[in-house]
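Visitor: any chance you can model this:
(one chain, ligands or ions: 2)
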Amino acid sequence: MADIKLLPKDIAELIAAGEVVERPASVIKELVENAVDAGADKITVEIQRGGIAFIRVTDNGCGIKHDQVKTAFLRHATSKIQSENDLYSIATLGFRGEALASISAVARVEMLTKPAECEMGSRYVIEGGVEQTLEEIGCPNGTTIIIRDLFYNTPARMKFLKKDVYEATAVASVIDAIALSHPEISIRFIKDSKPALTTSGDGKLTSTIYSVLGREFSSGLISADSTTAGIRVSGMISKPVYCRPTRNAQYFFLNNRFIRSGVIAKAIEQAYKNTVMVGKFPACVLNIDIPFSKVDVNVHPAKTEVRFSDEKAVFEAVYYAVKNALAAGDTRPQLNLQNTAPKKEPEPFTRMSVEEYKKLRNAPKAETPTAADKVYGIGLGTKTVTQPAQGLRDFPKALVSDKPVEVSFSKPESPKPQPPVQTFVKTEEPQREEKPYQQILSVILSDDEKYETASFIDDSEIEFKYIGEVFRTYIIVQKKDSIWFVDKHAAHERMLYDKLKREGVTEVQALLSPVSVTLSREEHRAVLDNLELLKKNGFEVEEFGTAAVIVRTVPASLVKTDVMFLMCDIAANLVKFGNAETDILDDLYHNIACRSAIKGGNQQSDSELEEFARKVLSDNSVMYCPHGRPVAFELKKSELERQFGRAK
Ligand code: ADP
Ligand code: MG
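Guide: Residues are numbered from 1 along each chain as shown. Ligands and ions are numbered 1, 2, ... in the order given. Sure, this is the predicted structure:
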């Protein structure tokens, strides 16, 4: 081996830079954090080509005095900690004094900075760690830092960068996270000269969430705020039905610092357990306020990983905050039908005057399909008529024109009204897009003729009215101005499950003839290890040879199920969950509840179903089945009206 030597300063700098500066996103994270630490309330970030070619961060923070500008770029130079003690109570985002040194080692950097109290500002240029210029100039208060040609002198690192779009996405995520953790700062992000994000800086988390994550996300949120053992957890969490296929929408902040944390993620998921479908994950923006002394943020150069001195306390604080928020704020999901209602008024030329309509209605042409014929698809077979059908779009116009054209109407089996799906085969012009039913209605009904709408009786005060059941699975009821759809199996399963959790198995039934069940070696072992637990929950099971067990009793609600099948299922899960007793019990209750619940397809009387639906809808704890599927959906009258084009 060669002799051991101290590395030259420039190589040491490049190695150190590698730890902090991995890609454009990490540069931006450091620069924006500096701006936040500088007390700015307006920060603008601009990038070109994913940040590889150009980054500019402008803030209106405290700026750097002329005689300290150079120092800021030295490694381990920081204004944020003075002594060892400060290291144990870090309130700023930065503190390692490494970012500016690292960034300037691998790029061309230019800084303009001026504290408000100074008359003149400074311009400093440093490239690849080598100072180029330091001069006094006039500039606005605050700091602007420009980074050009990132990694121009480290081609190896350059190679690891991804395509510009990926780097830009990583930058955007960093900015999202910082924006979400600082609603009091107005953050603007400009990507390739186009605005990509603007937050208002009004201090409200909800407005920041709206800007960053969009309207759809914001609509399904519940606010959370509770303090357990001195740890405050506050922010917004998603309603279980709005959970997503990935964990990407989980943002955690520790004292307003974006972090990743397995403990927090686990606590959240535990709190959502049994309300979220398998493979779906809650979304959240949560800040955890914890005394600075109870957490070490100095375990990772990028400072996104932290160490808690009491993990259990953090877990519990997050768990209870989320659980409480869900208990208080979750409401049943609402059905929003796809928007087929017309967005704007139909174009004027498609409107028909009352006269035109009356003339049309009174026209004594038996062979002419009427408007209703067309709408409901009651046709006359194929024949030549005097009206041209130009597709539904120009339908009324077509009815008053007189050019002959070949039209074919499909003839329905029965004379009952059909949805508007008839085929118009046109020979003259290419077929145009069909317009939805309500648009045709609004065309046919002029304002004078809308009396029909006025005469309908409003019964939206009805407290509860059982409408019926469809597909032997969904109960439909009206409650005030909403229609409710209840999944009878899911709801019943949830109720049984909750009862089991509260009371355990209360009724046990002996089997007329005990059932012997053959199991795998592992399952056999697992069942024998859990005989006590099984007995407590209604299953009296005995060893029967080396590979089988005998089941003598089961919970009373299960006498009619296939005991062998059930026991195999339970045994397999006992193996899966090992010693985790809560999971075992949870699973056992799922199993019992699922098998005891009324099934889709089973028949019940209307009065039974009515009573059941009443019970479900009056109990807000029955919101999801134990697998996380919703048990009931609401369809508001207003949504129906929107669909029918009666309201916007
Ligand atoms: P750290 O943030 O860990 O202190 P940096 O290398 O990021 O280290 O910054 C060094 C110092 O430069 C900071 O401590 C701060 O005093 C100053 N500084 C950096 N960026 C800004 C800024 N945008 N506004 C004001 N001061 C800044
Ligand atoms: Mg910093």
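Visitor: secondary structure element holding the closest residue to Ile147 other than its chain neighbours?
Guide: Leaving aside its sequence neighbours, Ile147 sits nearest to Ile55 (Cβ to Cβ, 6 or more residues apart in numbering; 4.2 Å). Yep, even glycine has a C-beta here, placed from its N, CA and C like the rest. Here Ile55 sits within strand 54-59, counting by DSSP states H and E.
Visitor: got the contact list for that strand?
Guide: Strand 54-59 is contacted by residues 24, 27-28, 31-32, 35, 38, 40, 42-48, 142-148, 150 when judged by Cβ atoms under 8 Å, 6 or more residues apart in numbering.
Visitor: show the subsequent helix or strand relative to that strand.
Guide: Counting by DSSP H and E, the next helix or strand C-terminal to strand 54-59 is helix 69-72.
Visitor: do that next one and ligand 2 meet?
Guide: No: residues of helix 69-72 contacting ligand 2 under Cβ under 5 Å from the ion: none, with a closest distance of 9.3 Å.
Visitor: distance from the chain centre to that helix, please.
Guide: Distance, stretch centre to chain centre, for helix 69-72: 44 Å (Cα atoms, centre = their mean, to the nearest Å).
Visitor: tell me the mean pLDDT over that helix?
Guide: Averaged across helix 69-72, the pLDDT comes to 96.
Visitor: buried residues, it. List them.
Guide: By neighbour count on 16 or more other Cβ atoms under 10 Å, the buried set for helix 69-72 is 69, 72.
Visitor: could you point out which element follows that helix?
Guide: Sequence-wise, the next helix or strand downstream of helix 69-72 (DSSP H and E) is helix 99-105.
Visitor: does that next one reach ligand 1?
Guide: Yes: counting by Cβ under 6 Å from any ligand atom, ligand 1 is contacted by helix 99-105 at 99-101.
Visitor: show me what that helix is in contact with.
Guide: For helix 99-105, the surrounding residues in contact (Cβ under 8 Å, 6+ apart) are 10, 13-14, 16-17, 19-21, 27, 30-31, 33-34, 72-77, 109, 126-129, 147.
Visitor: go with 7 Å
Guide: Residues external to helix 99-105 that are found in contact with it (Cβ atoms under 7 Å, 6 or more residues apart in numbering): 13-14, 16-17, 20-21, 27, 30, 34, 72-75, 109, 126, 128-129, 147.
Visitor: out of these, which end up buried?
Guide: The neighbour count (16+ other Cβ under 10 Å) marks 13-14, 16-17, 20-21, 27, 30, 34, 72-73, 75, 109, 126, 128-129, 147 as buried among those.
Visitor: what mean pLDDT does stretch 226-241 have?
Guide: On average, the pLDDT along stretch 226-241 is 91.
Visitor: now the end-to-end length of it.
Guide: End-to-end distance for stretch 226-241: 23 Å, by Cα to Cα, to the nearest Å.
Visitor: now do the buried residues in that stretch.
Guide: For stretch 226-241, by 16+ other Cβ under 10 Å, it's 226, 228, 231, 233-241.
Visitor: before we move on, back to that, bridged to the residue nearest to Ile147, which residues?
Guide: Ile47, Ile147 (DSSP bridges).
Visitor: number of residues surrounding the closest residue to ligand 1 within the stretch 101-250 of the chain?
Guide: As assessed by Cβ to the nearest ligand atom, ligand 1 sits closest to Thr143 within the stretch 101-250 of the chain, at 3.8 Å. Using other Cβ atoms under 10 Å, Thr143 has 29 neighbouring residues.
Visitor: residue contacts, the residue of the stretch 401-550 of the chain found nearest ligand 2?
Guide: In the stretch 401-550 of the chain, no residue comes nearer to ligand 2 than Lys501, which is 49.4 Å away by Cβ to the ion. For Lys501, the contacting residues are Tyr589, by Cβ under 7 Å, 6+ apart.
Visitor: helix or strand for it, which one?
Guide: Secondary-structure assignment from DSSP H and E places Lys501 in helix 488-503.
Visitor: just say helix, strand or coil for the residue nearest to the residue of the stretch 101-250 of the chain closest to ligand 1 when sequence neighbours are not counted.
Guide: Of all residues beyond its chain neighbours, the one nearest Thr143 is Thr113 (4.2 Å), with distances taken as Cβ to Cβ, 6+ apart. Here Thr113 is recorded as strand under DSSP: H, G, I helix; E, B strand; the rest coil.
Visitor: rewinding a little: beyond the helix holding Lys501, next helix or strand please.
Guide: Toward the C-terminus, helix 488-503 is succeeded by strand 508-518 as the next helix or strand (DSSP H and E).
Visitor: now do the buried residues in that following strand.
Guide: So strand 508-518, judged by 16+ other Cβ under 10 Å, has buried residues 508, 514-515, 517.
Visitor: stretch 162-172 too?
Guide: For stretch 162-172, by 16+ other Cβ under 10 Å, it's 164, 167-168, 170-172.
Visitor: look up phi and psi at the residue of the chain found nearest ligand 1.
Guide: In the chain, the residue that lies nearest ligand 1 is Gly94 (2.3 Å; Cβ to the nearest ligand atom). The phi/psi pair for Gly94 (degrees, to the nearest 10) reads phi -100, psi 170.
Visitor: and it, what does it touch?
Guide: Applying Cβ under 7 Å, 6+ apart, the residues near Gly94 are 33-34, 37, 78, 80.
Visitor: how about Pro282?
Guide: Contacts for Pro282 (Cβ under 7 Å, 6+ apart) come out as 237-238, 243, 268, 272, 276.
Visitor: low-confidence stretches in this protein?
Guide: Along the chain, the parts satisfying pLDDT under 70 run over 18, 88-89, 298-303, 338-458, 648.
Visitor: in it, which residue sits closest to ligand 2?
Guide: Nearest to ligand 2, among the residues of the chain, is Gly94, at 2.7 Å (Cβ to the ion).
Visitor: distance of that residue from Ala35?
Guide: For Gly94, the distance to Ala35 (Cβ to Cβ, to the nearest Å) stands at 10 Å.
Visitor: around ligand 2, which positions in the chain sit nearby?
Guide: Checking the chain against ligand 2 by Cβ under 5 Å from the ion, the hits are 34, 94, 99.
Visitor: TSV please, covering the residues you listed and showing distance to Asp583.
Guide: TSV is the format used below for the residues of the chain next to ligand 2 (distance: Cβ to Cβ, whole Å):
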residue	distance to Asp583
Asn34	46
Gly94	42
Ala99	44
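Visitor: quick one on the thing from earlier: mind listing which of the buried residues of stretch 162-172 are in helices?
Guide: Counting by DSSP state H, those place 164, 167-168, 170-172 in helices.
Visitor: what would those residues look like in JSON lines with distance to Thr553?
Guide: Listed next are these as JSON lines, based on distance: Cβ to Cβ, whole Å:
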{"residue": "Asp164", "distance to Thr553": "67"}
{"residue": "Glu167", "distance to Thr553": "64"}
{"residue": "Ala168", "distance to Thr553": "64"}
{"residue": "Ala170", "distance to Thr553": "59"}
{"residue": "Val171", "distance to Thr553": "63"}
{"residue": "Ala172", "distance to Thr553": "60"}
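Visitor: please name the nearest non-neighbouring residue to Gly51.
Guide: Closest to Gly51 by Cβ to Cβ, 6+ apart is Pro24, at 2.8 Å.
Visitor: ok, that neighbour to Thr198 distance?
Guide: For Pro24, the distance to Thr198 - Cβ to Cβ - is 20 Å.
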